[in-house]
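Student: Turn this into a model:
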Amino acid sequence: MSFSNSQAGGGIYAHGWNHSIEVSNNRVYSNGGTITGGIRFGQIEVPTSATDANGNPVPLNFINSAKVHNNSVTNNVSFGDEFNVDTNAAGGGVAFCTGSDFYDFNFNWVCGNLSTGNGGGVDHRGLSFNGRIRNNTIIFNQSFNQTLDTHGGGIVVEGEPNPGPCGGPPFDVGCSTGLSDGAGNVSIDSNLIIGNIAEGGSGGGIRLENVNGADVARNQNNSTGINPANGAPWAPWWQISITNNIIANNEASWEGGGISLFNAVNTTITGNAVVSNDATATAGVLFDTVGANQGATGTPPPVPPSTGGGTCGTAQCVANNPIVTSTFQPAGHATELNAPTLNLAFGPAVTCPFGLPACQNFSNPQIKNDIFWQNRSFHITVGSNPTPGLQNVITLMPQLSQVTTGACPTGANYWDIGINGDTGVAGGNPGGYRLNPTGSVVGTGGYAGNGTSPSTGSETVYCNG
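Tutor: Presented below is the predicted three-dimensional model:
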């Protein structure tokens with residue numbers, strides 16, 4: 001069956017209590033919606049999670065055990081509300097919203113979709129138990145908004161902020177800073193994730209954001225233990241597993257062209273090929289653009305005043321000392337320091353998940369048996385106006401000349417894995433935090449040891465144009 005030209009809730013919309021629904025063998029194309037363009041399960045901005053007698057969350061079961069397979073989801077768009085503030089877009093192609101518990105999304109073709117929020121292709125948004133995203137082809141999707149930083153060109157898994165004011169016209173000032181309920185446990189396995197772009201943010205291929213929050217606050221010191229309800233082994237912090245995927249030729253305008261993590265403190269990245277992704281450092285929050293200070297995360301760095309010491313805090317000062325260049329960012333896999341609200345949720349004697357030290361400070365995934373190879377990092381410079389009144393000249397650096405499609409010109413700057421704030425490919429951030437890949441190939445950086453080694457350089461890849 002074909003679903004096309006809908007301008008309401010997307011092509012297919014299962015609101016709630018559609019238990020065991022099966023959506024298969026359909027063509028869902030050229031649809032639009034304020035929240036999701038193609039296929040949507042559930043609703044955003046729902047009440048917080050239900051809890052059992054011990055105060056631990058239980059499934060909301062708005063939609064239980066949906067099976068979505070063998071569909072073609074193409075050329076759909078989620079466009080948010082008229083100001084892109086109170087109703088955020090959630091997945092250009094497909095969205096599983098809070099309470100879509102135990103869903104299975106597999107063997108689908110997701111191509112050419114656009115979101116003006118997070119998740120150009122697929123968006124797991126809010127708390128849903130044990131979702132599975134597996135064996136899909138997710139290619140050439142895009143997240144972009146001219147006034148907000150948006151993440152996850154291919155896939156985003158994100159917890160939803162606690163209900164609160166999200167601003168309004170004329171500017172978005174961000175949603176409530178309270179702890180998210182998190183995302184629940186999600187498996188992303190054996191997908192082909194190619195050619196996606198997060199044009200206003202991070203995570204061209206995959207973005208994890210606010211995965212953990214209230215789950216940590218409920219169990220401040222223990223990421224694993226015994227379930228008080230039944231005495232069984234238990235992992236009370238939500239966990240994301242990213243396994244056996246090919247993540248290639250994606251692009252992010254901030255960092256993490258392949259994979260990006262923020263507030264995701266219990267993540268495993270195993271058996272993936274993260275190759276030939278790009279990070280261009282062109283996101284507006286990295287330099288002086290109109291409205292950059294209204295971005296949901298990140299602000300331009302302080303600019304020194306034209307005379308004297310201190311920081312630059314006035315419009316005139318910024319005008320006299322414009323930030324005219326961005327800086328290189330990690331291009332293959334990038335992770336960030338935790339938000340202050342999440343840091344405060346940890347107890348004083350926290351036991352991090354095995355192999356994930358310093359979880360209370362930054363998203364430090366277990367990286368095992370992966371390949372990170374030829375992920376390119378760029379930055380931009382902004383020149384003076386060539387003629388008064390005309391657009392400034394913007395140059396992407398380093399300048400490369402691709403003679404044939406897919407060629408990899410010499411002179412590229414490679415940065416395969418890193419932490420936001422690192423001073424270079426070998427690491428070095430103010431907190432002294434460091435990733436710890438094991439049994440992997442990392443093409444650049446000082447990550448030898450634990451079975452990890454740089455590539456021999458003989459592999460052939462297909463580079464973005």
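Student: use CA for all of it now, contacts and neighbours both
Tutor: Noted.
Student: In contact with residue 372: list those residues for me.
Tutor: Shown in contact with residue 372 (Cα atoms under 8 Å, 6 or more residues apart in numbering): 273, 274, 275, 332, 333, 416, 417, 440, 441, 442, 443.
Student: distance between stretch 326-345 and the chain's centre?
Tutor: Mean-position distance between stretch 326-345 and its chain equals 11 Å (Cα atoms, centre = their mean, to the nearest Å).
Student: scratch that, stretch 336-348
Tutor: Shown here is stretch 336-348, whose average C-alpha point lies 19 Å from the average C-alpha point of the whole chain (Cα atoms, centre = their mean).
Student: and that stretch, which residues are buried?
Tutor: Neighbour counts over stretch 336-348 (16 or more other Cα atoms under 10 Å) mark 336, 337, 338, 339, 342, 343, 344, 345, 346, 347 as buried.
Student: same question, stretch 20-29
Tutor: Neighbour-count burial for stretch 20-29, counted by 16+ other Cα under 10 Å, picks out 24, 26, 27, 28, 29.
Student: residues making contact with that stretch?
Tutor: Defining contact as Cα under 8 Å, 6+ apart, one finds that stretch 20-29 is touched by 1-5, 11-12, 38-39, 63-76.
Student: sorry, back to before: from the buried residues of stretch 20-29, which is closest to residue 129?
Tutor: residue 24 (21.5 Å; Cα to Cα).
Student: ranges for the helices of the stretch 201-350 of the chain?
Tutor: For the stretch 201-350 of the chain, the helices defined by DSSP state H, counting those that start in this stretch occupy 214-218, 315-320, 340-343.
Student: Would you single out the least confident of the ones you listed?
Tutor: By mean pLDDT, the lowest-scoring of those turns out to be helix 315-320, with a mean of 50.
Student: The contacts of stretch 20-29, buried ones only, as a ChimeraX selection?
Tutor: For anyone working in ChimeraX, the buried entries among these, judged by 16+ other Cα under 10 Å, can be selected with:
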select :3,4,11,12,38,39,63,64,65,66,67,68,69,70,71,72,73,74,75,76
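Student: Among the contacts of stretch 20-29, which are located in helices?
Tutor: Secondary structure from DSSP state H places none of these in helices.
Student: By neighbour count, which of the contacts of residue 372 wins?
Tutor: residue 332 (39 neighbours; other Cα atoms under 10 Å).
Student: Residue 371 is in contact with that one, correct?
Tutor: No - in this structure, residue 332 is not within contact of residue 371 by Cα atoms under 8 Å, at 9.9 Å.
Student: Touching both of those two, which residues are there?
Tutor: Contacts common to residue 332 and residue 371, judged by Cα under 8 Å, 6+ apart, are 274, 275.
Student: In the stretch 351-465 of the chain, mark out all the strands, start to finish.
Tutor: Under the criterion DSSP state E, counting those that start in this stretch, the stretch 351-465 of the chain contains strands at 366-368, 371-373, 376-377, 379-382, 394-397, 417-419, 441-442.
Student: what would these look like in TSV with distance to residue 50 and mean pLDDT?
Tutor: Supplementary listing: the strands of the stretch 351-465 of the chain in TSV, determined by distance: least, Cα to Cα, whole Å; pLDDT from 0 to 100:
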stretch	distance to residue 50	mean pLDDT
strand 366-368	30	97
strand 371-373	40	95
strand 376-377	43	96
strand 379-382	45	84
strand 394-397	49	86
strand 417-419	35	96
strand 441-442	42	94
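Student: Nearest to residue 449, out of these?
Tutor: Distances from residue 449 to each of the strands of the stretch 351-465 of the chain were compared by Cα to Cα, and the smallest falls on strand 441-442, at 10.4 Å.
Student: So what touches that closest one?
Tutor: Contacts made with strand 441-442 from outside it, assessed by Cα under 8 Å, 6+ apart, are listed as 369, 370, 371, 372, 373, 416, 417, 452, 453, 454, 455.
Student: show me the contacts for the third one.
Tutor: Residue 371 makes contact with 271, 272, 273, 274, 275, 440, 441, 442, according to Cα under 8 Å, 6+ apart.
Student: Tell me what it is bridged to.
Tutor: According to DSSP bridges, the residues that bridge with residue 371 are residue 273, residue 441.
Student: So it versus residue 254, what's the distance?
Tutor: According to Cα to Cα, to the nearest Å, residue 371 and residue 254 sit 22 Å apart.
Student: cool, the fifth one as well?
Tutor: Noted for residue 373: a distance of 19 Å to residue 254, by Cα to Cα.
Student: Same drill for those two, tell me which one is more crowded.
Tutor: Neighbour tally, residue 373 and residue 254, criterion other Cα under 10 Å: the higher count belongs to residue 254, 36 against 26.
Student: The more buried one reaches residue 329, doesn't it?
Tutor: Yes - between residue 254 and residue 329 a contact is recorded at 7.1 Å, counting by Cα under 8 Å.
Student: Spell out which residues are contacts of both of those two.
Tutor: Both residue 254 and residue 329 are in contact with 279, 280, 281, where contact means Cα under 8 Å, 6+ apart.
Student: Check the burial of the closest residue to the second one other than its chain neighbours by counting its neighbours.
Tutor: So the one you mean is residue 280. Nearest residue to residue 280 in three dimensions, chain neighbours excluded: residue 378, at 4.5 Å (Cα to Cα, 6 or more residues apart in numbering). Around residue 378 sit 26 other residues, with neighbours defined as other Cα under 10 Å.
Student: I'd like the contacts of residue 371 written out as a markdown table, with distance to residue 133 added.
Tutor: A markdown table is the format used below for these (distance: Cα to Cα, whole Å):
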| residue | distance to residue 133 |
| --- | --- |
| 271 | 16 |
| 272 | 15 |
| 273 | 17 |
| 274 | 18 |
| 275 | 21 |
| 440 | 24 |
| 441 | 25 |
| 442 | 26 |
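Student: Tell me the one of those nearest residue 247?
Tutor: Out of these, the one with the shortest distance to residue 247 is residue 274. That distance is 4.8 Å, counting by Cα to Cα.
Student: hey, which helix or strand in the protein has the poorest pLDDT?
Tutor: Ranked by mean pLDDT, DSSP states H and E, the helix or strand of the chain with the weakest confidence is helix 315-320, at a mean of 50.
Student: that older thread, list the contacts of the residue nearest to residue 280.
Tutor: When contacts are counted by Cα under 8 Å, 6+ apart, residue 378 touches 278, 279, 280, 281, 327, 328, 329, 396, 397, 398, 413.
Student: Hmm, the fourth one is touching residue 255, no?
Tutor: So the one you mean is residue 281. Yes - checked against Cα under 8 Å, the pair residue 281 and residue 255 is within contact range at 6.7 Å.
Student: who's more crowded, these two?
Tutor: Here residue 281 and residue 255 are set side by side on neighbour count (other Cα under 10 Å), and the busier one is residue 255, at 34 against 29.
Student: Residue 429 contacts residue 423, correct?
Tutor: Yes - under the criterion of Cα under 8 Å, residue 429 is in contact with residue 423, at a separation of 6.2 Å.
Student: Identify the contacts common to the two.
Tutor: With contacts defined as Cα under 8 Å, 6+ apart, no residue is shared by residue 429 and residue 423.
Student: Quick one: residues in contact with stretch 50-70.
Tutor: Stretch 50-70 is contacted by residues 16-26, 41-42, 49, 98-109, 128-129, 218, 228-229 when judged by Cα under 8 Å, 6+ apart.
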